[in-house]
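Chemist: Give me a model of this one.
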Amino acid sequence: MSRQNGSHRIGGCGKQDRGTSQQCVPAGIQAILLMAQGFNGLLGRLDRMEKALKDQQKEIADLKKEVTDLKKEAVDLKKEVADLKKEYQVLKRKTYGLVTGLGKKLERIRHLKKKLMFKGVSPYPIQLKKVKNEHKLKIANKIRYSIRDSILLIALGVNGLLGRLDRMEKALKDQQKDYRPEEEECRPEERDCRPEERVCRLEAKDPQT
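Modeler: Below you'll find the model as predicted:
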């Protein structure tokens, strides 16, 4: 600090010049200002990275929730298919008993028809009953085939849903595997990381030089 004409001068500037020229600011203060600006920029960048990371974590959580819901739906469908299979087995046994009984009745009808024709009696009432029994047999077969087709369609739907779940789980794993925070070039846990290779470096420069 020097005195000229009764006025204090700091760094070559008088009182009247202070705050009006950047040359009057000492180099140390300029370095602090530059460091503050650098820290502000770094904090803003960290805030943006944190926001992007939270958004991606939220998206991953939504995907996990969707996968969980689809798994629950698949479990419900499997249970429904199991119930339908049980019902199909019951109907199959009933249909088999009905078909067996109808077969025995048809055989009995043929036997009576031959017996009546041998005796010269018209078999028309027997023929009418035979037609009714054959109609019942057709209805039973139709019910059996429709139940079988329904179970096959449900099984195909469940297989498609399981394939979709597998693809979604694979995509989720790939996304978690490929995710890296943006612009993270130097991390403390890396042994080869040197201080001069970090992204943000604060350099204090003397404006007089």
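Chemist: Please enumerate the strands of this protein.
Modeler: 2-4, 7-9 (DSSP state E).
Chemist: Rounded mean pLDDT for the last one, please.
Modeler: It refers to strand 7-9. When pLDDT is averaged over strand 7-9, the result is 41.
Chemist: what does stretch 148-160 give?
Modeler: 78.
Chemist: Remind me what the longest helix seen in the chain packs against, helices and strands.
Modeler: Identified as the longest helix of the chain according to DSSP state H is helix 27-119. With contacts taken as 3 or more Cβ pairs under 8 Å, 6 or more residues apart in numbering; DSSP states H and E, helix 27-119 sits against helix 124-178. Every residue, glycine included, has its C-beta placed from N, CA and C.
Chemist: angle of the helix it packs on against helix 27-119?
Modeler: 170 degrees (axes from the mean of the first three to the mean of the last three Cα atoms, to 10 degrees).
Chemist: which regions of the chain sit below the pLDDT cut-off?
Modeler: Within the chain, the stretches with pLDDT under 70 are 1-25, 116-133, 178-209.
Chemist: Mind doing that once more with 80?
Modeler: By pLDDT under 80, the low-scoring segments of the chain are 1-28, 109-153, 155-161, 163, 171-209.
Chemist: Contacts for stretch 92-99 next, please.
Modeler: By Cβ atoms under 8 Å, 6 or more residues apart in numbering, the list of residues contacting stretch 92-99 from outside reads 136-137, 140-141, 143-144.
Chemist: Return the set of buried residues in that stretch.
Modeler: 95, 98 (16 or more other Cβ atoms under 10 Å).
Chemist: and if you look at stretch 73-80?
Modeler: Buried-residue list, stretch 73-80, by 16+ other Cβ under 10 Å: Leu77.
Chemist: Then stretch 60-72?
Modeler: For stretch 60-72, the neighbour count (16+ other Cβ under 10 Å) marks 63, 67, 70 as buried.
Chemist: Could you double-check that the first one lies in contact with Leu172?
Modeler: Yes. At 5.4 Å, Leu63 counts as touching Leu172 under the criterion of Cβ atoms under 8 Å.
Chemist: can you put the contacts of stretch 92-99 in TSV and add neighbour count and distance to Arg164?
Modeler: Output for these, formatted as TSV (neighbours: other Cβ atoms under 10 Å; distance: Cβ to Cβ, whole Å):
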residue	neighbour count	distance to Arg164
Lys136	15	43
Leu137	17	42
Ala140	18	37
Asn141	13	35
Ile143	14	32
Arg144	18	31
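Chemist: Between all of the residues you listed, which two are at the greatest distance?
Modeler: Lys136 and Arg144 (12.7 Å; Cβ to Cβ).
Chemist: about what we covered before: include distance to Asp76 when you put the buried residues of stretch 60-72 into TSV, please.
Modeler: What follows is the buried residues of stretch 60-72, written out as TSV (distance: Cβ to Cβ, whole Å):
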residue	distance to Asp76
Leu63	20
Val67	15
Leu70	11
